[in-house]
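In: need a structure here:
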Amino acid sequence: MTLPPEAPTITWTEFSAPVSAPWRSEAGLPAPRKVQVADERLALPVAYKLICEGTALLWRGDYHRGKDLLQALAKRVDGPPRGGRGEAAAPSGAPPTSMTDRFHRERQARGRRARLLGMLLVPMDPGHQVPLRRAPDLQAACEEAWGPSAEPCVVALRELLGVIGAHEWRKAGVAIPALGNGRIHAHYGVFSPVRGEYLELIGRAPLPKALQVTPLAFDIGTGTGVLAALLARRSVPRVIATDLNDRALACARDNIGRLGLGASVEVVRADLFPDAAFGPAALAVCNPPWVPARPGSALEAAVYDPDSAMLRGFLAGLAARLAPGGEGWLILSDLAEHLGLRSREELLGWIAAAGLQVLARLDTRPVHARARDAADPLHRARAAEVTSLWRLAAV
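Out: Numbering: from 1, shown residues only. Have a look, this model is predicted:
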C-alpha cells in the first residue's frame, strides 16, 4: 500500500538544514508539527517532557536503544494507577459514575497513551529500510502490511513494532481445533480469531435442514475467512464469503487456499450480502464488531461498529436473502450491554423489526485472560460477558 498523494509531510532540522518526508500512520495519528532529532544523549525525563509538550522525537540512535526508550516512556505515560485498583479516575479526580463512564474514560486514556508514544519516530528509506544502527531487515514485514515502497517516509516506532508483531503472528497463525488444528493466518489489519469460544458455537449449532434443498451459505464480513472455513469443514457444499476490506479479502483467500477449501468457498467483495445473482441462502452467518463505538482508526474497525451499523444492516437484510426454512446465525457478545452501550431490548427490537424470530440461542463464556483480570477498569463487564450464537429465521 503506497502512500497516498495527499499524505502529510513533516519537517525537521538536521545538520542546520530543513529536511522533509511523508508521514505514515495507519493508526490515524496526526502528523506532528514539531520534530526534534534525538539519540542516546537525550535523557528520559527530557524526552518525556518534550513529547508531553507536543514535540516528536525523530530517533537517529541505535535501533534497540530506541525500543528501550519507547518502553521507558510507556512506563512514564502509564504511571501509577490514579483511581485505585481496577478503576480509571477522571482527570478531575472524580470517580467514574457508571460502567459506560469507565469505558469512555478508558478509551480516552488509551488514546492519550497512543498519541504520546506515537511521538517517538523512526525514518524509513525506500524499500522499507530503517537507516539506524543494528536495525533488522524489516522489508518482508513492512511489505506484508504496506506493500512495496519506493519512497522514504517517517513512521512512529510503536506502529512499526506493531507491523513486526503482526508479521510474526501471521507466520505462526492461530490453531483452530474445529478445523482439525488447521491454522488461520491473520494479515496486518485483519482481526485474528484468538477468541475461540465463538468458533466452538459455530461447530456445535445444528445446521438448518434447508441446506439439503439449497446447498448455499453466506459468511457476511468474513475477515480472515475462519467462519467460512468452519462451514466448509462442516460439509456445507458452497459458501460465499463477503467483505469490503482489501486486506480482509486477501487474507480470507489466502487462508481458504492454505486449507484446501477453494472448491467450496468463494470470497467476493460486497457490502454485507453478496449480489442477488447468487440467490438465496439456507444459512447466513455474521460476526459483526461487538462494541457500538466509533473506531479511532481503520485498524480498530473490526472491534468498534458505530451505531451498530453492521449489526443492524445484517438483521435488516437477512429475511430477504434466506431460502425457505433458512437461518441466520448472529454471533454477538453482550459486552456492549454490560457497558451500557446497547440494551438487550434494542437488539430484540431490531430483530423483530427486521421480520425475524429467534429460534434458539447458544451461549458460551469468554476464556481470555482479560476476563479474569481484576485490575482491568472494565473487569466487572468483562467478567459478566456472554457470547451467543443467535439462530434467527424469517417470521
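In: Dump stretch 14-34 to CSV, restricted to CA.
Out: Output of stretch 14-34 as CSV, limited to C-alpha atoms (Å, rounded to 0.1, in the frame of the first residue of the first chain):
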residue,chain,number,x,y,z
GLU,A,14,19.1,18.3,10.7
PHE,A,15,22.7,19.5,10.3
SER,A,16,21.4,23.0,10.2
ALA,A,17,19.2,22.3,7.2
PRO,A,18,15.5,21.6,6.8
VAL,A,19,14.5,18.1,5.9
SER,A,20,11.1,16.8,5.0
ALA,A,21,9.5,13.4,4.5
PRO,A,22,5.9,12.0,4.1
TRP,A,23,4.2,10.9,7.3
ARG,A,24,2.7,7.4,7.5
SER,A,25,0.2,6.4,10.2
GLU,A,26,-2.4,3.8,9.7
ALA,A,27,-3.2,4.2,13.4
GLY,A,28,-4.7,7.6,12.4
LEU,A,29,-2.2,9.7,14.4
PRO,A,30,-1.9,13.3,13.1
ALA,A,31,1.4,14.4,11.6
PRO,A,32,3.5,16.0,14.3
ARG,A,33,4.0,19.7,13.9
LYS,A,34,7.3,19.9,15.9
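In: Can you tell me what sits against that stretch?
Out: Contacting residues not belonging to stretch 14-34 are listed as 3, 7-13, 37, 54-56, 114-115, 118-119, 121, 123-124, 145-146, 151-156, 159, 162, 189, 296-299 [C-beta atoms under 8 Å, 6 or more residues apart in numbering]. For every residue, glycine as well, the C-beta is placed using N, CA and C.
In: in that stretch, what counts as buried?
Out: Buried residues in stretch 14-34, counted by 16 or more other C-beta atoms under 10 Å: 21, 22, 23, 24, 25, 26, 27, 29, 31, 32.
In: picking that back up, among the contacts of stretch 14-34, name the ones in helices.
Out: Among the contacts of stretch 14-34, the residues falling in helices (DSSP state H) are 114, 115, 145, 146, 159, 162.
In: quick one: contacts for residue 182?
Out: The contact partners of residue 182, taken as C-beta under 8 Å, 6+ apart, are 175, 176, 229, 258, 259.
In: Let me know the average pLDDT across the host helix or strand of the third one.
Out: For residue 229, the host element (DSSP states H and E) is helix 226-233. Per-residue pLDDT over helix 226-233 has a mean of 97.
In: Likewise for stretch 315-333?
Out: Stretch 315-333 shows a mean pLDDT of 97.
In: That one: how far from the chain's middle?
Out: Chain-centre distance of stretch 315-333: 24 Å, with C-alpha atoms, centre = their mean, to the nearest Å.
In: Name the residues of that stretch that are buried.
Out: So, applying 16+ other C-beta under 10 Å, buried residues of stretch 315-333: 315, 317-319, 321-323, 326-333.
In: Now, the contacts of stretch 14-34 that are in strands?
Out: Among those, the members found in strands (DSSP state E) are 9-13, 37, 55-56, 121, 123-124, 153-156.
In: Any quick PyMOL command for the buried ones out of those?
Out: In PyMOL, this line selects whichever of those come out buried by 16+ other C-beta under 10 Å:
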select buried, resi 10+12+37+55+56+121+123+124+153+154+155+156
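In: So which residues of the stretch 251-395 of the chain form strands?
Out: For the stretch 251-395 of the chain, the strands defined by DSSP state E, counting those that start in this stretch occupy 265-269, 281-286, 322-333, 356-364, 387-394.
In: Kindly report the same for the stretch 101-250 of the chain.
Out: Under DSSP E, counting those that start in this stretch, the stretch 101-250 of the chain gives strands at 120-124, 153-156, 174-176, 182-184, 217-220, 239-243.
In: can I get those in JSON lines with mean pLDDT and distance to residue 66?
Out: Formatted as JSON lines, the strands of the stretch 101-250 of the chain follow (pLDDT from 0 to 100; distance: least, C-beta to C-beta, whole Å):
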{"stretch": "strand 120-124", "mean pLDDT": "98", "distance to residue 66": "7"}
{"stretch": "strand 153-156", "mean pLDDT": "97", "distance to residue 66": "11"}
{"stretch": "strand 174-176", "mean pLDDT": "94", "distance to residue 66": "30"}
{"stretch": "strand 182-184", "mean pLDDT": "95", "distance to residue 66": "32"}
{"stretch": "strand 217-220", "mean pLDDT": "98", "distance to residue 66": "42"}
{"stretch": "strand 239-243", "mean pLDDT": "98", "distance to residue 66": "36"}
